[in-house]
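*Asks:* Make a model of this:
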Amino acid sequence: MFSFLQTHLACMHPAVSCRARVLLAVGSLLCIFGCGELTCPEPLSVVEGTCQKLDPEPEGEPKPVDDPPSNDEAYPDVERCDGIDNDGDDAIDENWPSLGEPCGDEAGVGVCVAGVYACAPHGRGLVCDGAVLPSVELCDGRDNDCDGVIDEGVLSVKGEVFFEHATVASVEGGFLVARIVSDQVRVETYDALGNRTGHHDDIDKPFGEVAFMESDASATRVLVTLGKLAFHVLEVDVDSRLVPIIVEARELHAAWRQGIDLGVYNPPYHPRVIALPSRFIGYQDLLTFALSPLDDAGLSGLGEEPTPVSIQAYTPFDAAGPFVLWEQADNLRAGWVFDDGMLALDIDVGRGHTPSISIRDGGPGIAYLNDGALHLSELGGLSLQCDEGRFCQAKLQATELAAKQDGPTALAYDDATDTWFVAAGRELAVVGRSDDMPVIKEAKVLDALGVPPTRLDVAVSDGTAAVLQASASGGSALTFLGCF
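*Replies:* Residues are numbered from 1 along each chain as shown. Here you go, the predicted structure:
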């Protein structure tokens, strides 16, 4: 009751987060009912927070006195846990054979640390001295309940809806969102908690009919691509204060122009822009897959004629870093693509459709649908085979997810927590790892858009994920998932 009174008073103070106080109070109550519970070795039992041996009391009750004596005075011959041979049998603390042994079953997992069994202050049992035991899971990037999974079930959601095309990319300390506002293209930043910074930069829209497609970032450089019949790339620099500046905007070579709507802008067939290595890549027409390398210090390469790449005509694909992933019949294929158009490896990496790809340390991860279920694989960067000890065509299942998944898909990786954020249509799975098996830490239905999305972006910055869902008509929903 005192905790709730403190919380109530703190909530009245404007400088204190009421939500934070309430969470702490609830966490405290949960701890009272089983958090960090002591485990005792046989034949001891938990009695008043210590490990005690439940022996019958000695025969012969002491005579009552005005001031009841201590246990030591009343039963001088009863062995106590105190390092002394109290009962005169030449054995010390013999009722507690586990004295000095390690305790804490979850030691070494998450925040849990082993302790040792030591005599309780009253001498009637053992306590687990120095141990850090499991507690209620908090949204703090740590495994508080020592189950091998970090922050499961504790992430919060917030977001907003736009009436126009938008895209999102992660930058140091936050996110850059690009969107069309009336007759302008706007780039603006959000911090890692999903709050607008108030910093933005605008340019005039290059053509009347423009649709956003993709964005990507490397360090402070963000590339944004937009278009429908003709394509443009914007280069944006974001400084340490999250102030974005549009450095340059350039139209691609005339070979990329459609003339009429041939369906090149048709997610998931639409071109992509990659920040590292810098390139614009995708279908320049319904038959030809191609790329236009960019200069690492500018957009001059976009003026050159695109270079064809030998990838199947007009099929759903995704690209990240030097890798391209695409559908081919009932299979998914992946390969390295070089700036001269050479395709290396070119191998099957799964069976399914609606693919997406993202980069983690060590290689790419891929998400896709097969038989109505969402799958995730982690591939080696040099071989594009499933990494040993990593997810390989793992099926993601949870009661919170629909029995039959629908696309498109998108994914991003958070290195700090070894977590994948995998989106499919209206649903998002937060996937962690336990014994090299995928664990769905949290699953959300993201329905702010109100209609099924045709395009998805997922980006991660400082443990927060940003999901951008775009509809065929141009509306977009931006959702943040993190510790708020």
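*Asks:* got the domain boundaries for the chain?
*Replies:* 72-134, 155-164+315-484, 172-308 (automatic domain parsing).
*Asks:* Quick one, which of those domains gets closest to residue 48.
*Replies:* Of all the domains of the chain, it is domain 72-134 that lies closest to residue 48, at 8.4 Å by C-beta to C-beta. No exception for glycine: its C-beta is placed from N, CA and C like everyone else's.
*Asks:* in the stretch 151-300 of the chain, which spans are strands?
*Replies:* Per DSSP state E, counting those that start in this stretch, the stretch 151-300 of the chain carries strands over the ranges 156-162, 166-171, 174-181, 184-191, 196-204, 212-218, 221-227, 231-238, 244-251, 272-275, 278-283, 289-293.
*Asks:* Those into a markdown table, with extra columns for mean neighbour count?
*Replies:* As requested, these are exported to a markdown table (neighbours: other C-beta atoms under 10 Å):
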| stretch | mean neighbour count |
| --- | --- |
| strand 156-162 | 15 |
| strand 166-171 | 25 |
| strand 174-181 | 24 |
| strand 184-191 | 20 |
| strand 196-204 | 14 |
| strand 212-218 | 24 |
| strand 221-227 | 25 |
| strand 231-238 | 23 |
| strand 244-251 | 17 |
| strand 272-275 | 23 |
| strand 278-283 | 25 |
| strand 289-293 | 24 |
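*Asks:* could you pull out the helices for the protein?
*Replies:* Taking DSSP state H as the criterion, the chain carries its helices at 2-11, 18-32, 71-74.
*Asks:* And for the residue lying closest to residue 456 once chain neighbours are set aside, the neighbour number?
*Replies:* Nearest non-adjacent residue to residue 456, counting by C-beta to C-beta, 6 or more residues apart in numbering: residue 410, 3.8 Å away. The number of residues packed near residue 410 is 25, by other C-beta atoms under 10 Å.
*Asks:* what's the spacing between residue 410 and residue 453?
*Replies:* Going from residue 410 to residue 453 by C-beta to C-beta, to the nearest Å gives 10 Å.
*Asks:* next one: residue 99
*Replies:* 62 Å.
*Asks:* more crowded one of these two?
*Replies:* Shown here are residue 99 and residue 453; by other C-beta under 10 Å, residue 453 has more neighbours (25 against 18).
*Asks:* got any ranges where the stretch 51-200 of the chain has weak pLDDT?
*Replies:* Residues of the stretch 51-200 of the chain meeting the criterion pLDDT under 70: 53-76.
*Asks:* Revised request: answer the last question for the stretch 251-400 of the chain.
*Replies:* Using pLDDT under 70, the stretch 251-400 of the chain has no residue that qualifies.
*Asks:* which residues does the residue sitting nearest the centre point of the chain contact?
*Replies:* The residue lying closest to the centre of the chain (C-alpha atoms, centre = their mean) is residue 419, at 4.3 Å. Taking C-beta atoms under 8 Å, 6 or more residues apart in numbering, we find residue 419 in contact with 150, 151, 413, 430, 431, 432, 441.
*Asks:* Which one of those is nearest to residue 379?
*Replies:* Once C-beta to C-beta is applied, the member of the contacts of residue 419 that ends up nearest residue 379 is residue 413, at 12.3 Å.
*Asks:* circling back: the domains of the chain into CSV, with extra columns for distance to residue 39?
*Replies:* Output for these, formatted as CSV (distance: least, C-beta to C-beta, whole Å):
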stretch, distance to residue 39
domain 72-134, 6
domain 155-164+315-484, 21
domain 172-308, 38
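*Asks:* Of those domains, which is nearest residue 40?
*Replies:* Minimum separation from residue 40 across the domains of the chain (C-beta to C-beta) falls at domain 72-134, 7.4 Å.
*Asks:* From the chain's centroid, how far away is that closest one?
*Replies:* Relative to the centre of its chain, domain 72-134 is centred 42 Å away, using C-alpha atoms, centre = their mean, to the nearest Å.
*Asks:* residue boundaries of the strands in the stretch 301-450 of the chain?
*Replies:* Going by DSSP E, counting those that start in this stretch, the stretch 301-450 of the chain shows strands at 307-309, 317-320, 323-328, 331-337, 343-351, 353-360, 363-370, 373-378, 394-396, 409-414, 419-424, 427-434, 437-445.
*Asks:* Most tightly packed of those strands?
*Replies:* Ranked by mean neighbour count, those are led by strand 419-424 with a mean of 26 (mean count of other C-beta atoms under 10 Å).
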